[in-house]
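J.: Return atomic coordinates for the entry below.
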Amino acid sequence: MKRKCIIAGAVVVAVGFLALYAASPVLAFQGLRSAAEKGDRDKLERLVDFPSVRDSLKSQLTVAMNMRMSADPEMQSNPFAGIALMMIPAMVNTAIDAYVTPDGMANIVKGQKPKAATDPAPPPPPAEKPKMSYGYTDLDTFKVTIDSADSDPMDLIMRRQGFFTWQIKRIDLPADLLKDD
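T.: As a prediction, this is how the structure comes out:
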């Protein structure tokens with residue numbers, strides 16, 4: 001009898017551990033949303049790896065802008081196109097550094113457009129509550145898709161840091177971000 005109680009207790013503990021392990025990214029994202037709504041900059045800084053997010057956005061935008069400029073017939077015949085292509089990384093770096101801040105990330109999580117750190121006016125609230133979907137892409141990676149009526153959907157990529165801790169490491173922008181409408 002005592003042995004059955006020990007086994008049952010071990011099974012309950014194991015099931016609880018697995019449930020918490022599986023639910024931990026959802027709980028972490030809920031914590032991120034709560035921090036965004038409350039304006040808790042310290043918690044946002046713990047839950048988002050800002051240098052990693054900035055690097056991922058800088059590379060995505062630089063590639064997208066280079067491709068768009070290279071495909072533009074007007075730019076192909078422009079003698080200053082080479083200079084413009086060389087300036088893209090500097091412009092992208094400056095813009096990303098201004099927008100990817102705790103306040104900017106809070107706006108993204110709330111479904112709003114991010115605002116520059118130097119912009120004192122708060123962004124308008126979204127027309128409707130953004131739709132969110134999420135799921136594991138592998139055991140240590142979790143993707144949250146935020147689909148707002150005001151902007152294209154974007155993916156927040158979270159990576160496991162230990163057993164139950166998660167951090168946003170990357171934001172994947174829509175593939176057609178800079179395409180002509």
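
J.: Just the CA atoms of the helix or strand of the chain with the lowest mean pLDDT, as CSV, please.
T.: Here the helix or strand of the chain ranked lowest by mean pLDDT, DSSP states H and E is helix 73-76, holding a mean of 74. Extracted in CSV, the C-alpha atoms of helix 73-76 (Å, rounded to 0.1, in the frame of the first residue of the first chain):
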residue,chain,number,x,y,z
PRO,A,73,14.0,49.6,-62.6
GLU,A,74,14.5,53.3,-61.7
MET,A,75,17.2,52.4,-59.2
GLN,A,76,19.0,50.2,-61.7
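
J.: Pull the distance from it to the chain's centre.
T.: Here helix 73-76 is found 33 Å from its chain centre; the criterion is C-alpha atoms, centre = their mean, to the nearest Å.

J.: What are the contacting residues of that helix?
T.: Defining contact as C-beta atoms under 8 Å, 6 or more residues apart in numbering, one finds that helix 73-76 is touched by 69-70, 81, 84. Just so you know, the C-beta spots here come from the backbone N, C-alpha and C atoms, and that holds for glycine as well.

J.: any chance you could map the helices in this protein?
T.: Shown for the chain, the helices assigned by DSSP state H span residues 2-38, 41-47, 50-71, 73-76, 81-99, 102-109.

J.: mind giving me CSV with these and columns for distance to Leu173?
T.: As requested, those are exported to CSV (distance: least, C-beta to C-beta, whole Å):
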stretch, distance to Leu173
helix 2-38, 19
helix 41-47, 20
helix 50-71, 5
helix 73-76, 22
helix 81-99, 11
helix 102-109, 11
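
J.: Lowest average confidence across those helices, which one?
T.: Mean pLDDT is lowest for helix 73-76 among the helices of the chain, at a mean of 74.

J.: so Ile96 makes contact with Thr62?
T.: No. Contact criterion C-beta atoms under 8 Å: Ile96 and Thr62 do not qualify, at 9.6 Å.

J.: All good on my end, thank you.
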